[in-house]
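S.K.: model the following, please.
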Amino acid sequence: MLPEIDRKAFEQAFEQAMTQFRAPVKDWPEFVRSAYDEDAILMPPDMPAVRGREAILAFLQAFPVFSGHRQTSLEADGAGDFIFTRDAFSCTLTLPGAPPTFYAGKALTIWRRQADGEWKMFREIWNREPPARG
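M.R.: Purely as a prediction, here's the structure:
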């Protein structure tokens with residue numbers, strides 16, 4: 001179980017990352033620097049792993065336009081220098097030449113405490129929820 005001081009520092013890091021991610025004008029270089037560990041790895045659906053800040057920046061800069069992003073932490077726990085979160089998220093994606101599409105999914109993220117005490121994303125994987133059947 002996380003000590004309260006770690007939980008509060010982590011919650012602040014999570015909120016800062018979400019605020020930057022949702023910003024209408026994306027400053028991807030600042031987001032990647034402030035939110036991701038130097039050795040971070042993203043594991044996006046149906047794609048190879050994205051390793052390190054430079055590759056993560058390139059991935060995000062090529063990411064489709066999105067709006068209305070919402071992300072809720074459903075579970076957070078950890079010990080020592082690691083915290084995991086299990087989240088639900090949704091947004092509207094706009095791919096080139098296609099109408100806007102609602103996208104909802106789930107994510108699992110491992111955060112690592114940095115030498116300065118800040119928490120940064122270390123490993124991240126997500127996938128889409130299946131569309132609702134009518």
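S.K.: in the longest strand anywhere in the chain, what's buried?
M.R.: In the chain, assigned by DSSP state E, the strand with the most residues is strand 65-79. The neighbour-count criterion (16 or more other C-beta atoms under 10 Å) identifies Phe66, Gln71, Ser73, Ala76, Gly78 as the buried residues of strand 65-79. Glycine gets a C-beta too; all of them are placed from N, C-alpha and C.
S.K.: and it, how far from the chain's centre?
M.R.: From the chain centre to the centre of strand 65-79 is a distance of 7 Å (C-alpha atoms, centre = their mean, to the nearest Å).
S.K.: quick one: buried residues of the biggest helix by length in the chain?
M.R.: When the chain is parsed with DSSP state H, its longest helix is helix 4-22. By 16+ other C-beta under 10 Å, the buried positions in helix 4-22 come out as Asp6, Ala9, Phe10, Ala13, Phe14, Ala17, Met18, Gln20, Phe21.
S.K.: coming back round to it: possible to save the buried residues of strand 65-79 as a markdown table with pLDDT?
M.R.: A markdown table is the format used below for the buried residues of strand 65-79 (pLDDT from 0 to 100):
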| residue | pLDDT |
| --- | --- |
| Phe66 | 88 |
| Gln71 | 91 |
| Ser73 | 88 |
| Ala76 | 90 |
| Gly78 | 92 |
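S.K.: ok so, going back, next, the angle from the longest helix of the chain to strand 65-79.
M.R.: In terms of direction (axes from the mean of the first three to the mean of the last three C-alpha atoms, to 10 degrees), helix 4-22 departs from strand 65-79 by 170 degrees.
S.K.: residues in contact with the helix or strand that comes right after helix 4-22: which ones?
M.R.: Using DSSP states H and E, the helix or strand that follows helix 4-22 in sequence is helix 28-35. Outside helix 28-35, the residues within contact range by C-beta atoms under 8 Å, 6 or more residues apart in numbering are Ala13, Gln16, Ala17, Gln20, Phe21, Arg53, Ile56, Leu57, Leu60, Gln61, Lys120, Met121.
S.K.: surely the fourth one and Ala13 touch.
M.R.: Meaning Gln20. No: counting by C-beta atoms under 8 Å, Gln20 does not reach Ala13; the two are 10.9 Å apart.
S.K.: no further queries at this time; thank you.
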